[in-house]
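> This is a predicted model, with the sequence first.
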Amino acid sequence: MKKLLVAGLVLVGSVALADKPKAAAKDKITGEVVDITCYASHAAKGDKHAACGTKCLQSGLPAGIVADGKLWVVTMGDHTSPGTKLAAWCGKNVTAEGTRIEKDGANIFEVDSVSAAK
């Protein structure tokens, strides 16, 4: 009876371990940080718009990264405000590491870390 119980526990443990999802590899995108409001309304980006975009992001307007011909709406992996974290990068090219999410037609990038593009 003990052997049967041990065999059953081993089988259950094996199934539990087999069902455990593997950690997803982190995605990277490289592109320009923009404030989505000005970018969407009048295609504002680059050095000419960096000062305005920085103010917009600091005031809470949504942040994005233009990369691979797409506008990626930025969220933060730690659920903090992306605008305040990315304001200093506005108008500059960065490499962001995190997770690509394409949901209901939106391109979303959940950022874990950001650094100057190389």
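Great, that's in hand. Numbering: from 1, shown residues only.

> where does residue 41 land in three-state SS?
helix (DSSP: H, G, I helix; E, B strand; the rest coil).

> Do you know the pLDDT at it?
For residue 41, the model assigns a pLDDT of 95.

> isn't residue 28 right up against residue 97?
Yes - counting by CB atoms under 8 Å, residue 28 touches residue 97, with 5.2 Å between them. Any C-beta I mention is one placed from the backbone N, CA and C, and that applies to glycine too.

> and residue 46, what does it touch?
The neighbours of residue 46, taking CB atoms under 8 Å, 6 or more residues apart in numbering as the test, are 32, 91.

> And the one 4 residues further on, by the same measure?
Listed by CB under 8 Å, 6+ apart, the contact set of residue 50 reads 90-92.

> 7 Å - rerun?
By CB atoms under 7 Å, 6 or more residues apart in numbering, the contact list for residue 50 reads 90-91.

> Output the helix or strand that contains residue 55 as PDB, restricted to C-alpha atoms.
Using DSSP states H and E, residue 55 maps to helix 50-58. Provided in PDB are the C-alpha atoms of helix 50-58 (Å, rounded to 0.1, in the frame of the first residue of the first chain):
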ATOM      1  CA  ALA A  50      11.900  66.900 -27.000                       C
ATOM      2  CA  ALA A  51      11.300  69.800 -24.600                       C
ATOM      3  CA  CYS A  52       7.600  69.900 -25.100                       C
ATOM      4  CA  GLY A  53       7.300  66.100 -25.100                       C
ATOM      5  CA  THR A  54       9.200  65.900 -21.800                       C
ATOM      6  CA  LYS A  55       6.800  68.400 -20.200                       C
ATOM      7  CA  CYS A  56       3.800  66.500 -21.600                       C
ATOM      8  CA  LEU A  57       5.100  63.100 -20.200                       C
ATOM      9  CA  GLN A  58       5.900  64.700 -16.800                       C
END
